[in-house]
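**Student:** next come a sequence and a model predicted from it.
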Amino acid sequence: MAQTKFDKQVEKTAESLVFGIGRFLAGRPMDGVKRTDATFWRSGTRVLPKVEGRVSRSSYRAGWKRLTFRISALAAASTGGYQAGWVHQDTATAQQIWADPDPAIAALEQTGVAAASTAAVGTAAYLALTRKRRELMREWVLPLHEALALPLRLPEQTDPRRYLHIPRNFSEDDAVIRVDVPGRLDFSKDLVVDIITTKLALQGVTFSWHLAGRETYVTVKKTRKPPAKAAFKDPKVREIVAAAKESAPVIGIGSAGRIVSVDLDAESPHILVNASTGGGKSVTLRCIACQMLHHGSRVFVLDTKRISHPWASGLPGVTYCRDIADIHDQLIALGMEGRRRTRVADDLGIDADPKAIGPRILILLEEVNATMKQLARYWEKIRESGDPKVSPAIDALNEILYMGRQLRMHVLLVAQSATARALGGPEVREQFSTRILARYSVNAWRMLAPEVHPAPKSTKHHGRAQVVSGGSARETQVLFFTEAEAREWATTGTKAAAADGTAPVQLHKPPADSLSDTPPTSTGELPPAHEPSASRNRAADAYNLPPASAAAPDELAAHATPSAAPPAPAVVDDDQAVGLREAAEHHLHGITLAALRFARANDPAFPGPAGKRGAELLYRVGDLKKWARNRPRAATGTTDLD
Ligand SMILES: Nc1ncnc2c1ncn2[C@@H]1O[C@H](COP(=O)(O)OP(=O)(O)OP(=O)(O)O)[C@@H](O)[C@H]1O
């Protein structure tokens, strides 16, 4: 008997239903079109030939994964339905719902709100958890795919994740990258190597090709990597440091054991260190500063964080300023020293011995973003009408940055994020031809080393940094000095021992015209010390006398020129010499006599005595106040900006 049209329709529907259930349970695409080589147990790796249009990610999924997803979705939908209908079944016959829909609507609302909240929380968690992976896709995987698709002749719809197996930490030393390549092998291996190295900004890697059999791929591993650690206590590292040129402190060890250093005379007078917290900024600074001290440099640590470099506190040749007023004064004094050196260099002429200009000076400026803000606020607070708007300390710093390398003044600047604004403009950033970057973001790299593109991926390896100079980046394991080793190295250099005695160097801040009249010293010594805060008592300070303890006699002689200044108006309070008891009772509120005695015995930065009254040692009030302001811990007399 012939089938009616209706029978045919029923048969067709039943057939579709059976196929649909079959595909559902087999985890196959519901439209029945196979687009990738995925099977029930194995995920797909490539698009099948002649497939057109977009291939969704689910097409690559193994059948069992698809089945699991479908069953979970079905279960979730049933739970909602159960909540809405079954729980309220006592009132939920169709007739009753029609007559009184409110309970059902309320149930649906509850379920809907719960589902929406779950979805929102789930989405937020998903976005947070996958942020790094999405960044990896956007910054690395997709650009590499775009470059490789043509040379490998991949179908347009290929999903990059299926053949580019790039771990999130692919820049770490032990990471392995794997790229599946078509088995036809009709591509140039050299070109593929080039593209992978360039697009992933890899250094020191080796490629291993696996082209036999069904699975064809290439693996990439780092083989020429810097050492995992470069500790100063290692005799080989110590030897390298000992052999380094005075003008070129060693920063670390690069790939294949290459020494990475920066020549302050030939390459880059100033260095910028940029790293997020815990990225090794203090260790890097310690490494450079202690080597320079070893060779007799003077180091000025300007540290608003107060406790960044305890190892340097009280060392000969180190001036440690923690208080913003002292940092302000110190920068101004250094600016003047720069100008003095310029004059000396002019007078000495082109063939002069650079050492005649004076000892090398290293200015170590901690946390530039915070320090610049504090300097600006401090100037805002003390500025008088007629004074320039911009902080003279910031001006002085900029001036030093623009001075030539022959003046032997170097700035080592530290930032968590060295934005152009923090430094006072993009052109200031340009003065740092050597930049050390560690634990950086893609944005930080683009800002600080745009000439090296693409940015090598940052690593979390302790002490691993990129040293950028001369248009290229060198991956480097920064030398690690413990605090004790840094102190030991800083104080055992022959020149450091020969350099001026025990007291930290302090700069004198004479008025600009007297400064310009100061003749160059034959020894190249720095001008002698200043004491009270210039900005708070500028008229007095401009001519003040050096404290007896702080300057070597030859320095004083060299600078006590008759033309230097009119007679100094006495700064009575700060220049008087007092015993510790009197200081505690009348001048240093909040510091007990016992604390002062303890500091005198234990703190190398405690000022030297200015005289004696009987058996009692006397100290300049100004020296004691300055010491108190710059103590590592909460300091009495700290310049309060609020
Ligand atoms: N070159 C290195 N070799 C070995 N370990 C290092 C190195 N540099 C840093 N580290 C490790 O990383 C830790 C953090 O380093 P460091 O204190 O220098 O970071 P930081 O950037 O100054 O941190 P913060 O911003 O919090 O002051 C150190 O205690 C040390 O254990």
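**Tutor:** Yep, that arrived.

**Student:** OK, now which residue of the stretch 401-550 of the chain is nearest to the ligand?
**Tutor:** The ligand sits closest to residue 463 of the stretch 401-550 of the chain, with a gap of 2.3 Å, by Cβ to the nearest ligand atom. For every residue, glycine as well, the C-beta is placed using N, CA and C.

**Student:** ranges for the strands of the stretch 101-250 of the chain?
**Tutor:** For the stretch 101-250 of the chain, the strands defined by DSSP state E, counting those that start in this stretch occupy 164-165, 176-180, 205-210, 217-222, 250-254.

**Student:** partner strands of the shortest one, parallel or antiparallel?
**Tutor:** This points to strand 164-165. strand 176-180 (antiparallel) (DSSP bridges).

**Student:** ok, now the fourth one?
**Tutor:** Strand pairing for strand 217-222, using DSSP bridges, gives strand 176-180 (antiparallel), strand 205-210 (antiparallel).

**Student:** deepest-packed of those, please.
**Tutor:** Ranked by mean neighbour count, those are led by strand 176-180 with a mean of 17 (mean count of other Cβ atoms under 10 Å).

**Student:** residues contacting that one, please?
**Tutor:** 45, 148, 162-167, 170, 192, 196, 200, 215-221 (Cβ atoms under 8 Å, 6 or more residues apart in numbering).

**Student:** ok, residue 364 touching residue 302?
**Tutor:** Yes: with contact defined as Cβ atoms under 8 Å, residue 364 reaches residue 302; the gap is 6.7 Å.

**Student:** excluding chain neighbours, what is closest to residue 223?
**Tutor:** Distances taken as Cβ to Cβ, 6 or more residues apart in numbering put residue 206 closest to residue 223, at 4.4 Å, once the chain neighbours are dropped.

**Student:** how many neighbouring residues does residue 200 have?
**Tutor:** Using other Cβ atoms under 10 Å, residue 200 is surrounded by 23 other residues.

**Student:** got it, and residue 346?
**Tutor:** Residue 346: 11 surrounding residues under other Cβ under 10 Å.

**Student:** and it, which of the three is it?
**Tutor:** helix (DSSP: H, G, I helix; E, B strand; the rest coil).

**Student:** which one of the strands paired with strand 217-222 lies closest to the ligand?
**Tutor:** strand 205-210 (22.4 Å).

**Student:** quick one on the thing from earlier: what about the residue of the stretch 401-550 of the chain closest to the ligand, neighbour count?
**Tutor:** 22.

**Student:** adjust the sequence numbering to begin at 53 for everything that follows.
**Tutor:** OK, 53 is where the count begins now, so the last one is residue 515.

**Student:** thought it was touching residue 533?
**Tutor:** No: using Cβ under 8 Å, residue 515 makes no contact with residue 533, being 11.1 Å away.

**Student:** what sits in contact with each of those two?
**Tutor:** Common neighbours of residue 515 and residue 533 (Cβ under 8 Å, 6+ apart) are residue 335.

**Student:** where does the stretch 303-452 of the chain have low pLDDT?
**Tutor:** For the stretch 303-452 of the chain, applying pLDDT under 70 flags the ranges 402.

**Student:** quick one: the helices in it, in order.
**Tutor:** Under the criterion DSSP state H, counting those that start in this stretch, the stretch 303-452 of the chain contains helices at 333-346, 376-400, 420-434, 444-454.

**Student:** now, of these, which is deepest in the fold?
**Tutor:** Highest mean neighbour count of the helices of the stretch 303-452 of the chain: helix 333-346, a mean of 25 (counted as mean count of other Cβ under 10 Å).

**Student:** up against the ligand, what does the stretch 503-652 of the chain have?
**Tutor:** Residues of the stretch 503-652 of the chain lying near the ligand by Cβ under 6 Å from any ligand atom: 514, 515, 530, 532.

**Student:** possible to save the strands of the stretch 153-302 of the chain as a markdown table with distance to the ligand?
**Tutor:** Below are the strands of the stretch 153-302 of the chain laid out as a markdown table (distance: least, Cβ to the nearest ligand atom, whole Å):
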| stretch | distance to the ligand |
| --- | --- |
| strand 216-217 | 30 |
| strand 228-232 | 24 |
| strand 257-262 | 22 |
| strand 269-274 | 18 |
| strand 302-306 | 7 |
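
**Student:** let's have the strands paired with strand 269-274 in a markdown table, adding distance to residue 319 and mean pLDDT.
**Tutor:** Listed next are these as a markdown table, based on distance: least, Cβ to Cβ, whole Å; pLDDT from 0 to 100:
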| stretch | distance to residue 319 | mean pLDDT |
| --- | --- | --- |
| strand 228-232 | 33 | 94 |
| strand 257-262 | 27 | 92 |
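
**Student:** just send the ones you listed back as JSON lines, with distance to residue 327 too.
**Tutor:** What follows is the strands paired with strand 269-274, written out as JSON lines (distance: least, Cβ to Cβ, whole Å):
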{"stretch": "strand 228-232", "distance to residue 327": "25"}
{"stretch": "strand 257-262", "distance to residue 327": "24"}
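
**Student:** residues contacting residue 306?
**Tutor:** Shown in contact with residue 306 (Cβ under 8 Å, 6+ apart): 278, 312, 519, 526, 527, 528, 529.

**Student:** nearest residue to residue 331 other than its sequence neighbours?
**Tutor:** Of all residues not flanking residue 331 in the chain, residue 491 sits nearest, at 3.7 Å (Cβ to Cβ, 6+ apart).

**Student:** the one you found contacts residue 510, doesn't it?
**Tutor:** Yes: under the contact definition of Cβ under 8 Å, residue 491 touches residue 510, with a separation of 5.6 Å.

**Student:** tell me the buried residues in stretch 275-284?
**Tutor:** Neighbour-count burial for stretch 275-284 flags 277, 278, 279, 281, 282, 284 (criterion: 16 or more other Cβ atoms under 10 Å).

**Student:** what's the spacing between the first one and residue 223?
**Tutor:** Looking back up the chat, that one is residue 277. Going from residue 277 to residue 223 by Cβ to Cβ, to the nearest Å gives 10 Å.

**Student:** re the thing from before, so which of the contacts of residue 306 belong to strands?
**Tutor:** Among the contacts of residue 306, the members found in strands (DSSP state E) are 312, 519, 526, 527, 528, 529.

**Student:** adding distance to residue 543, write these out as a markdown table.
**Tutor:** Listed next are those as a markdown table, based on distance: Cβ to Cβ, whole Å:
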| residue | distance to residue 543 |
| --- | --- |
| 312 | 25 |
| 519 | 27 |
| 526 | 30 |
| 527 | 32 |
| 528 | 26 |
| 529 | 25 |
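
**Student:** of those, just say which sits nearest to residue 163.
**Tutor:** Residue 163 has its nearest neighbour among the ones in strands among the contacts of residue 306 in residue 527, at 55.0 Å by Cβ to Cβ.

**Student:** spatially nearest residue to the closest one (excluding sequence neighbours)?
**Tutor:** Nearest non-adjacent residue to residue 527, counting by Cβ to Cβ, 6+ apart: residue 255, 5.3 Å away.

**Student:** contact residues of this protein facing the ligand?
**Tutor:** Within the chain, the positions near the ligand by Cβ under 6 Å from any ligand atom are 281, 327, 329-335, 514-515, 530, 532.

**Student:** do that again at 5 Å, thanks
**Tutor:** 329, 330, 331, 332, 333, 334, 335, 514, 515, 530, 532 (Cβ under 5 Å from any ligand atom).

**Student:** next, the contact list for the nearest residue to the last one once chain neighbours are set aside, please.
**Tutor:** The shortest distance from residue 532 to any non-neighbouring residue, by Cβ to Cβ, 6+ apart, is to residue 283 (4.9 Å). Contact analysis of residue 283 by Cβ under 8 Å, 6+ apart lists 289, 531, 532.
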